[in-house]
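[1] No letters, just coordinates:
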């Protein structure tokens with residue numbers, strides 16, 4: 001006795017060679033938020049502190065641009081000033097947390113783009129979640145962020161002050 005198998009010709013095909021759909025754990029807010037980054041090029045070296053721009057921020061990570069030399073796997077400390085955002089939001093003056101560089105790509109002569117995955121301490125920060133939600137609502141309403149935090153294009157002279165040791 002043979003069994004007749006029927007196939008649904010209209011079913012979705014899971015082809016492993018095709019690009020996967022967005023598998024991010026949380027929504028990302030398109031942003032252009034100035035940040036400060038601290039990295040240690042080597043275990044015994046002093047921290048290097050510099051600025052960057054977070055272009056794509058979520059509660060689990062971000063895409064940022066900086067003049068820092070960054071490498072996959074490198075630990076990073078992140079500082080986001082919130083002084084320019086509405087005080088009614090009940091947020092602290094700044095968000096601080098840690099993460100690790102996932103991948104890096106050059107974006108011009110002196111600027112590097114990097115994907116950062118936040119460590120659990122930052123992922124669990126309710127203030128980060130509120131801030132990301134706020135940025136997402138600004139994007140949906142097509143409202144620019146406060147004028148004082150709009151920054152020049154990456155790589156321009158005023159965009160990144162020189163690196164400092166701390």
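    Yep, it's here. This structure is a prediction, so every number in the text was calculated from the model and none was measured.

[2] Residue 78: neighbouring residues, count only.
    As a burial measure, residue 78 scores 22 neighbours (other CB atoms under 10 Å). For glycine as for every other residue, the C-beta is placed from the backbone atoms N, C-alpha and C.

[3] any idea whether it is helix, strand or coil?
    strand (DSSP: H, G, I helix; E, B strand; the rest coil).

[4] Excluding chain neighbours, give the residue nearest to it in space.
    Leaving aside its chain neighbours, residue 78 sits nearest to residue 97 (5.4 Å; criterion: CB to CB, 6 or more residues apart in numbering).

[5] which ones are touching the one you found?
    Residues in contact with residue 97 (CB atoms under 8 Å, 6 or more residues apart in numbering) are 77, 78, 118, 119, 121, 122, 125, 128.

[6] Return the distance of it relative to residue 141.
    27 Å (CB to CB, to the nearest Å).

[7] Buried residues, the top strand by length along the chain. List them.
    When the chain is parsed with DSSP state E, its longest strand is strand 94-106. For strand 94-106, burial by neighbour count (16 or more other CB atoms under 10 Å) applies to 95, 96, 97, 99, 101, 104.

[8] hmm, back to that, now, which of the contacts of residue 97 lie within helices?
    Under the assignment DSSP state H, these contribute 121, 122, 128 to helices.

[9] Pairing partners for the longest strand of the chain, with directions?
    Partners of strand 94-106 in the sheet, by DSSP bridges, are strand 75-81 (antiparallel), strand 112-118 (antiparallel).

[10] Kind regards, and thank you for your time.
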